[in-house]
Every structure is written in structure tokens, then in C-alpha cells.
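K.L.:
Take a look and give me a structure for this.
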Amino acid sequence: METKDKNQVIVLAERPTGIPSKSTFQLKDTDMPEIKEGEVLLKSIYVSVDPGMRGFMDKGMSDNTGLKFEIGKPITSRSVAQVIESKSKEFVKGDIVHGRLAWAKYQAMDAKKLEKIDPGLAPISTAVGILGVPGLAAYFGLEKIGKIQKGETVVVSGAAGGVGSAAAQIAKIKGCKVVGIAGSDKKIDYLEKELGIDKGINYKKSDDLVKALTLACPNGVDVFFDNVGGKIFDAVFDLINKKARIVICGQITEYNEAAPPQGPRPQHTLIKKSARMEGFVVFDFKDEFEEAKKKLAEWYQEGKLKYKENLVEGFENLPSAFIGLFTGENIGKQMVKV
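P.N.:
Numbers count the residues shown, from 1 in each chain. I've put the predicted structure just below:
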């Protein structure tokens, strides 16, 4: 049984070169935090790890909210936690909340930066998965940028991950033909047999990805939801249709590169095809989060939206769970149960 005066945090120990390693992180013992008026004391339950966090580990890199990780300071990510002490009118002891939290077993947090979770709606871990940022990224990427229409062909890269699997299912819900690209036969089985997409392609076993995609998409590609970039992007890009929409959600192949790799330049094809390519971060649509969450929850409750969690047990295993994102280990949302 943990004593209330003992706490642990995981900090950024050094800025990584390439794929992060165990030495990128440091587990530190620390005192239990004291809470002030308007704050709550939280005990972490689930901690999400996401590929996009890699960029915040580089010097000077930040997102559009100014988030970046500093040497010696705790890593942060989307997390689910329980209130164990409150000096806020917003929450009482026992409430389950989520927000961007430090990699810490216990932490003090301004109550205004947290959202309450309704455990009756869905399992609480979905607040950082299918009903959280990954689900929202898939929803807004397809609806707002992809503008998917019934009968179109949609290709999703990284299709077995947290965002990709949600995007593939939303496209099916909307009546599209869906082709998913992933990196193992196990992932392809999951996509085809459990999620019901039309065709899965294992890029690691494909000698000619363009040929495999041409067979899977005989009518070309109308919407490409890209989580990966690199050679997979190049192969799908060859098949885009007139007025195609390319949604750039992630570029995991480039997150660990010292300099962006040189690849085909897309401008001429975009002109020729009157196609559109647009990148986004989910917080571009923060004013519409509640409406989107209701829709995602509705699909989940109707059994139309399924999810899988790749759950790693133990707070101390947060670094290895994060590193595992870049070796293709996860099917579904990667997270740690503290």
C-alpha cells in the first residue's frame, strides 16, 4: 500500500537524437504536493502516450498552445485521474477527471484545467482514447478537412493505431469504401475482421505498395487520412483522384529525423488534380469538442465504433510504452495503467 507522503514523477532527462531511449527519461522520487485554494490533488489512473509528443522533446519545439518539454521537468500527456482531495467547488473527492497532466503518480492541479468524466457513459479510459483526442482527431480530420461523402474511397495510414482505427471506422459509418495500411498481419486481421474495413494492406510485406493500393482502390483515392508520411504517403499520393482531399494528421516516419527527408514534391499533382492537402491539430476545433464527443459517444453506444487499448501496466513503464510507439508495437490506443 502506498503511503500518502510518497510520490514519483518522470522527467525529461535529455533531448533525444532519433528514437527516444530509456536515457531520455528519469524516474524521480518527490514529495507529495500540497494543494491551494481552487486546486485538487489527483491520483493518476491512465496515462496516454502519443507519437506527436516526440516533437516537444526537441529544443525550441512547441505546439500551437506553446507546449514544450524542458530538461528536468515532468513530461505531460493526456491522462485520467481521480480526485483524492479538493479545495475547489468544481470537484469533490472521488470524481474522475481528465486533462493534460504531468507524468506523476500524484499532482496538484488547477480545477479549471480539468474536465469531469461520466463513468456511466463509457469506460473511463476512453476519455483519452476513442472519446478523447484520438477520436476527435479522426472525427474532425474526416468531417472538416476530408469532407467525406458516401460512396467515396478513403485510405487511412497507421490504420491500426488509436487515431487511425477511429478514422477507418468513421469512414465506414459514413458509407465509404475504406482501405487501411498497417505493419503486421495481426493488425490487418484486426482491421478487416474486427473493425470491418474493406481491405487492409501490410506495407511491410508489400513489394510494390502502389500496385497493392491500385488493386485495393480500382477507382482511385478520394480521401487520404495520413498518420505516417514518408514512402507510404508517396504511394497513396500516386492514386489520388480529381478533387481529392489529403488530411495530414501525423507524420510518424519523420518525428525522429534530424532533418526532414527529401521526397516527391506534391505541388504539380495537386494543381493537376485540383486536390487539396491540409494539416491540422485537433485543438483547431476546440469550440466544437462537445458536439463531436456526443456524436462519438452515440456511435460507441450503438456499437458502431469499437476500440482496442494496448495497455501497459505500471507507472515506471511509461518511457518504454512511449518508445514502443515508434517500433510499431501497438494495436489501438497505447496507454499506461498506473
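
K.L.:
who touches residue 108 in this structure?
P.N.:
Each residue near residue 108 by C-beta atoms under 8 Å, 6 or more residues apart in numbering is listed here: 33, 34, 35, 36, 39, 40, 41, 42. Heads up, the C-betas are built off the backbone N, CA and C, glycines and all.

K.L.:
Quick check: residue 282 touching residue 133?
P.N.:
Yes - contact status for residue 282 versus residue 133: in contact at 5.5 Å, counting by C-beta atoms under 8 Å.

K.L.:
between these two, who's got more neighbours?
P.N.:
Remark: of residue 282 and residue 133, residue 133 carries more neighbours, 24 against 21, as counted by other C-beta atoms under 10 Å.

K.L.:
SS state for residue 159?
P.N.:
Using DSSP: H, G, I helix; E, B strand; the rest coil, the three-state assignment for residue 159 comes out as coil.

K.L.:
need the contact list for it.
P.N.:
Residues in contact with residue 159 (C-beta under 8 Å, 6+ apart) are 165, 167, 168, 180, 181, 182, 187, 191, 197, 200.

K.L.:
looking at this, the second one is in a strand?
P.N.:
No - for residue 167, which was evaluated using three-state DSSP, the result is helix, with no strand membership.

K.L.:
leaving aside the residues next to it on the chain, what's closest to it?
P.N.:
Nearest residue to residue 167 in three dimensions, chain neighbours excluded: residue 138, at 3.8 Å (C-beta to C-beta, 6 or more residues apart in numbering).

K.L.:
how about the helix or strand harbouring the one you found: buried residues?
P.N.:
Element membership for residue 138, per DSSP states H and E: helix 133-140. Neighbour counts using 16 or more other C-beta atoms under 10 Å place 133, 134, 135, 136, 137, 138, 139, 140 of helix 133-140 among the buried residues.

K.L.:
Isn't residue 174 up against residue 147?
P.N.:
No - applying C-beta under 8 Å, one finds residue 174 not in contact with residue 147, separated by 10.4 Å.

K.L.:
which of those two has more neighbours?
P.N.:
Per other C-beta under 10 Å, whichever of residue 174 and residue 147 has more neighbours is residue 174, with 17 against 14.

K.L.:
For the more buried one, list the residues it contacts.
P.N.:
Under the criterion of C-beta under 8 Å, 6+ apart, the neighbours of residue 174 are 142, 148, 149, 150.

K.L.:
Next, format those as JSON lines and append neighbour count and secondary structure.
P.N.:
Converted to JSON lines, the contacts of residue 174 look like this (neighbours: other C-beta atoms under 10 Å; DSSP: H, G, I helix; E, B strand; the rest coil):
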{"residue": "142", "neighbour count": "26", "secondary structure": "helix"}
{"residue": "148", "neighbour count": "24", "secondary structure": "coil"}
{"residue": "149", "neighbour count": "12", "secondary structure": "coil"}
{"residue": "150", "neighbour count": "7", "secondary structure": "coil"}
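
K.L.:
And those residues, which two are furthest apart?
P.N.:
Within these, 142 and 150 form the most distant pair, 12.6 Å apart (C-beta to C-beta).

K.L.:
one step back: out of the contacts of residue 108, list just those in strands.
P.N.:
Secondary structure defined by DSSP state E assigns 39, 40, 41, 42 of those to strands.

K.L.:
ranking those by neighbours, who comes first?
P.N.:
Highest neighbour count within these: residue 42, with 29 neighbours (other C-beta under 10 Å).
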